[in-house]
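>>> with the sequence up front, the predicted model follows.
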Amino acid sequence: MSSSGWLDRYREGHHAEVWDELRQLGPAARDAAHREEAQAVCDEMARRARHNVELIVARLTEQGYKFHTNDFGQRREVPHVAPTARAVEVADWLEARFTDVPLTLLSWLRLVGDVWLVGTHPRWPASAGADPLVLEVEGSRFPGASIEDYFDEEAEAYDEDVEERGVEVAGPFVLPLAPDRLHKDNVSGGDPYGIVLPDPAIDGRFIGEDEVPFVDYLNTVFRHGGFPADSGHPAQAEVTAALAEGMLAL
C-alpha cells in the first residue's frame, strides 16, 4: 500500500478512509517509506483537535461554566494548558520507557496539551456526570510533580501484578490519562481511562467506557461538545448541541 496522498486526502475530508488504511498497515506504517507522512496525518489530526478543544473551552467560558476539581472542594482549574517544552521531554521519555507509543498520542501530547473539562454549567448542574473530556499526558495541573514518575509507578505496579497473576488475568498495561466517568463526578468508580502501551500501531487503543481507537474516541467526544455520556438532565441536549456546532472531524 502506497502512502502517497494520505495527508492530502485527509485534508480533503477522507478521514475515515485514511485512518482505515493506516490501521491496516499496523506497525509497517512506522517504516521509513510511511513514517513521515503517517506522522504528518497524526499531527494534522492533533491541530484539528486543538481547534475543537479551544472552541469548546471558549464557549463554556462565555456561558459561565465553572471548571473545577472533581472533589467537594471544587477548586478552580484551568481547562486547557497548551504544550510546553516539557511535552517533548515526556514524549521522549514515553518512547524510551515503552518503546512503541501510538503516534496519535505523541501528536496530542506535542500539539494539543492537557485538557480538563470537569466542572459545572449554570444551566446544567449535572454536567460533571456526562463524562467531560479529560486528557492529561504532560501533567500540567501538577507542575511540582513528575508525570514520568507517576507513569513509571503505574507501570511497575502492573509488572508486579503480571508476575503475581499472569498477563492473561492482568490484561494489557493502560497508561492512565483521565479519571473514569464516575470519578469525574466525584463518585467512587473504576480504573482510569487511558491508552494501551506498548503499541506499535499508528492509532492507540483507548480504554474508557469501551475499548476504541483513540481517534474514534475523540470524534465521539467532539460530536457531543466534550460531554459524550448522558447525565439525564433536560438541559444537556441543548447545551451540548451548541457546544458541538462547527467541530472539526478528525
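Looks like it came in fine.

>>> poorly predicted segments of this structure, please.
1-4, 167, 169-170 (pLDDT under 70).

>>> just the strands in it please.
Applying DSSP state E to the chain gives strands spanning 66-67, 80-81, 114-116, 119-120, 134-135, 173-178, 193-197, 205-207, 211-213.

>>> any chance you could list what contacts the first one?
When you say that, I think you mean strand 66-67. With Cβ atoms under 8 Å, 6 or more residues apart in numbering as the test, strand 66-67 has contacts from 60, 74, 76, 77, 78, 79, 116, 117, 118, 119, 120. No exception for glycine: its C-beta is placed from N, CA and C like everyone else's.

>>> just the buried ones from these, in PyMOL syntax?
Buried subset of the contacts of strand 66-67, written as a PyMOL selection, criterion 16 or more other Cβ atoms under 10 Å:
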select buried, resi 60+74+77+79+116+117+118+119
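
>>> the residue of the chain most remote from its centre and residue 33: what is the separation?
Largest separation from the mean C-alpha position in the chain: residue 164, at 30.2 Å (Cα atoms, centre = their mean). Separation of residue 164 from residue 33 (Cβ to Cβ, to the nearest Å): 42 Å.

>>> ok, residue 103 next?
Computed as Cβ to Cβ, the residue 103 to residue 33 distance reads 15 Å.

>>> just residue 104 next, same as before
Using Cβ to Cβ, residue 104 is found at 19 Å from residue 33.

>>> those two: who's more crowded?
Using other Cβ atoms under 10 Å, the more surrounded residue of residue 104 and residue 33 is residue 104, with 29 against 13.

>>> I'd say the more buried one and residue 217 touch.
No: assessed by Cβ atoms under 8 Å, residue 104 is found out of contact with residue 217, at 10.2 Å.
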